[in-house]
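Undergrad: got a sequence here, can you build the structure:
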Amino acid sequence: MESTDAPKRIVLRFNVLYEREEQIINKQFFAFYSTEPADDYYSHLMAPNESSKMHIVLDLGCKTNPVVDLKAIPYEVYKLRKRDEKFTFEKLNSGACDLARLRCDRVVWGTDRRRPHPEELDGERPEHTGQGPPMFVS
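TA: Purely as a prediction, here's the structure:
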């Protein structure tokens, strides 16, 4: 993996059984790819949506590059598995990256804010509970 100076969005796809292991997943991901972005990344934990899969979306270089074109930056998508308390990371193809780019459209770069749904802009706001609306990203 290259330096985090260039902005990049990483999507980590894993079973919902590991939803409480976000920090461990991130730490093992950075260790596996021999990079430590210090504090120049943001981790979005994305809830499952009628699925047994959930996602972590990592915005690498979000402090160094606070404004990016999300349609132009590179995306990488990895499928995770857990064996003997260690996660393995399988890089998925460009089709998965294209799908993640579409589904991450409302995930704001480097922050926990989300872009509103079009109906919310009209003044009608669906009721939400919890952290936010669940969405698929890959």
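
Undergrad: what average pLDDT does stretch 64-78 get?
TA: Taken as a whole, stretch 64-78 has an average pLDDT of 94.

Undergrad: quick one: contacts of it?
TA: The list of residues contacting stretch 64-78 from outside it, by Cβ atoms under 8 Å, 6 or more residues apart in numbering, reads 4-13, 29, 40, 89-92, 96-98, 100-101, 104-105, 109-110, 138. Glycine gets a C-beta too; all of them are placed from N, C-alpha and C.

Undergrad: which PyMOL command selects the buried ones in those?
TA: Those of the contacts of stretch 64-78 that count as buried under 16 or more other Cβ atoms under 10 Å are selected in PyMOL with:
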select buried, resi 4+7+8+9+10+11+12+13+29+40+89+92+96+97+100+101+104+109+110+138
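
Undergrad: give me the phi and psi angles of Y42.
TA: Main-chain torsions, Y42, degrees, to the nearest 10: phi -130, psi 140.

Undergrad: now what about stretch 12-29, what contacts it?
TA: Stretch 12-29 has contacts (Cβ under 8 Å, 6+ apart) with 10, 43, 45, 48, 51-58, 77-80, 82, 86-87, 89, 92, 137-138.

Undergrad: ok, now with 6 Å
TA: By Cβ atoms under 6 Å, 6 or more residues apart in numbering, the surrounding residues in contact with stretch 12-29 are 43, 45, 48, 52-56, 78-80, 87, 138.

Undergrad: buried residues of it, list them for me.
TA: L12, R13, F14, Y18, E21, E22, I25, N26, Q28, F29.

Undergrad: ok, now stretch 31-46?
TA: P37, D40, Y41, Y42, H44, L45, M46.

Undergrad: following element in sequence after the helix or strand where S43 lies, please.
TA: Using DSSP states H and E, S43 maps to strand 41-46. Using DSSP H and E, the helix or strand that follows strand 41-46 towards the C-terminus is strand 53-60.

Undergrad: now what about that next one, what contacts it?
TA: 4, 8-13, 16, 19, 22, 37, 41-46, 48, 104, 107, 109-110, 137.

Undergrad: returning to that earlier point: who does the strand holding S43 pair up with?
TA: According to DSSP bridges, strand 41-46 has the following sheet partners: strand 53-60 (antiparallel).
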